[in-house]
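Colleague: With the input below, show me the fold.
(2 chains)
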Amino acid sequence: RKEVEQDPGPFNVPEGATVAFNCTYSNSASQSFFWYRQDCRKEPKLLMSVYSSGNEDGRFTAQLNRASQYISLLIRDSKLSDSATYLCAVKGNTPLVFGKGTRLSVIA
Amino acid sequence: NAGVTQTPKFRILKIGQSMTLQCTQDMNHNYMYWYRQDPGMGLKLIYYSVGAGITDKGEVPNGYNVSRSTTEDFPLRLELAAPSQTSVYFCATQGSPDSPLHFGNGTRLTVT
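Modeller: Below you'll find the predicted structure:
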């Protein structure tokens, strides 16, 4: 099992839709979790950290399920500008490990 | 504050040539990282450093070298460029082990 796995997509959704991504991790000792957004030919940028109790930032909600070893990202009311690749990142005993990313295309 | 600055932005190398990718930060972060990203693939860790004078190998260190003589700078050296090193290289910094990474703009390298 790979250390961090994501569904590569692409997810093609209409504007206004709700979309959710999952990211599974193999190291049960992992302590820090993040979602990054990466636009085409750009560097990854931090979208949000993921806290144990779950957290929300506007239209974005991140959740952690330690028992099943996955994190999720929910995007409500999708905008065209949300089109990007979303990378999850997990830290256990080693430096941050990134998933390959899930590509989202929001269509008008 | 510039954050994390990488130079050059683009470079084309011939097979066997060498070059240094520069990374400098003004965030006073101890932790610095070099990742490479190939199309459709995730970020793979090449080398990292937890402070000046300390470096360690990541997942894909072969063909690369690093040094960390100051907190600010973490250059990545390619000694004998190979086509397999064609990639986008990202430098990143981190304030503490559990905090998020901050990335530079990347260097797009082509080896032909």
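Colleague: okay, now residue A:42: neighbour count?
Modeller: 14 (other C-beta atoms under 10 Å in any protein chain shown). All C-beta atoms are positioned from the backbone trio N, CA, C, and that covers glycine.
Colleague: ok, for residue B:77, nearest residue in space, not its chain neighbours?
Modeller: Using C-beta to C-beta, 6 or more residues apart in numbering or on different chains and skipping residues adjacent in sequence, the residue nearest residue B:77 is residue B:65, 4.4 Å away.
Colleague: Could you check how far the one you found is from residue B:48?
Modeller: Noted for residue B:65: a distance of 13 Å to residue B:48, by C-beta to C-beta, to the nearest Å.
Colleague: Pick out whichever of those two has more residues nearby.
Modeller: Taking other C-beta under 10 Å, residue B:65 and residue B:48 do not tie; residue B:48 has more neighbours (24 against 14).
Colleague: With adjacent residues omitted, what lies nearest to residue B:6?
Modeller: In space, residue B:6 is closest to residue B:104, 3.8 Å off (C-beta to C-beta, 6+ apart).
Colleague: ok, the one you found - contacts?
Modeller: A:43, B:3-6, B:23, B:90-92 (C-beta atoms under 8 Å, 6 or more residues apart in numbering or on different chains).
Colleague: rerun that using 10 Å as the cut-off
Modeller: Applying C-beta atoms under 10 Å, 6 or more residues apart in numbering or on different chains to residue B:104 gives the contacts A:43, B:2-7, B:9, B:21-25, B:34, B:89-93.
Colleague: got it, and residue A:14?
Modeller: Contacts of residue A:14 by C-beta under 10 Å, 6+ apart are A:78, A:106-108.
Colleague: Filter the residues you listed down to the buried ones.
Modeller: Neighbour counting by 16 or more other C-beta atoms under 10 Å in any protein chain shown classes A:78, A:106 among the contacts of residue A:14 as buried.
Colleague: For the contacts of residue A:14, give me TSV that also has distance to residue B:82 and secondary structure.
Modeller: Shown next, in TSV, are the contacts of residue A:14 (distance: C-beta to C-beta, whole Å; DSSP: H, G, I helix; E, B strand; the rest coil):
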residue	distance to residue B:82	secondary structure
A:78	41	coil
A:106	39	strand
A:107	40	strand
A:108	43	coil
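Colleague: farthest pair in the contacts of residue A:14?
Modeller: Distances among these were taken as C-beta to C-beta; the most separated pair is A:78 and A:108, at 10.7 Å.
Colleague: What parts of chain A come near chain B?
Modeller: Proximity of chain A to chain B (C-beta under 10 Å from any C-beta of the partner chain) is limited to residues A:2-6, A:8, A:31-36, A:38, A:41-49, A:85, A:87-89, A:91, A:94-101, A:103.
Colleague: Next, format the contacts of residue A:14 as TSV and append pLDDT.
Modeller: Below are the contacts of residue A:14 laid out as TSV (pLDDT from 0 to 100):
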residue	pLDDT
A:78	98
A:106	98
A:107	96
A:108	94
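Colleague: Just give me the closest of the contacts of residue A:14 to residue B:81.
Modeller: Proximity of the contacts of residue A:14 to residue B:81 (C-beta to C-beta) peaks at residue A:106, which lies at 38.8 Å.
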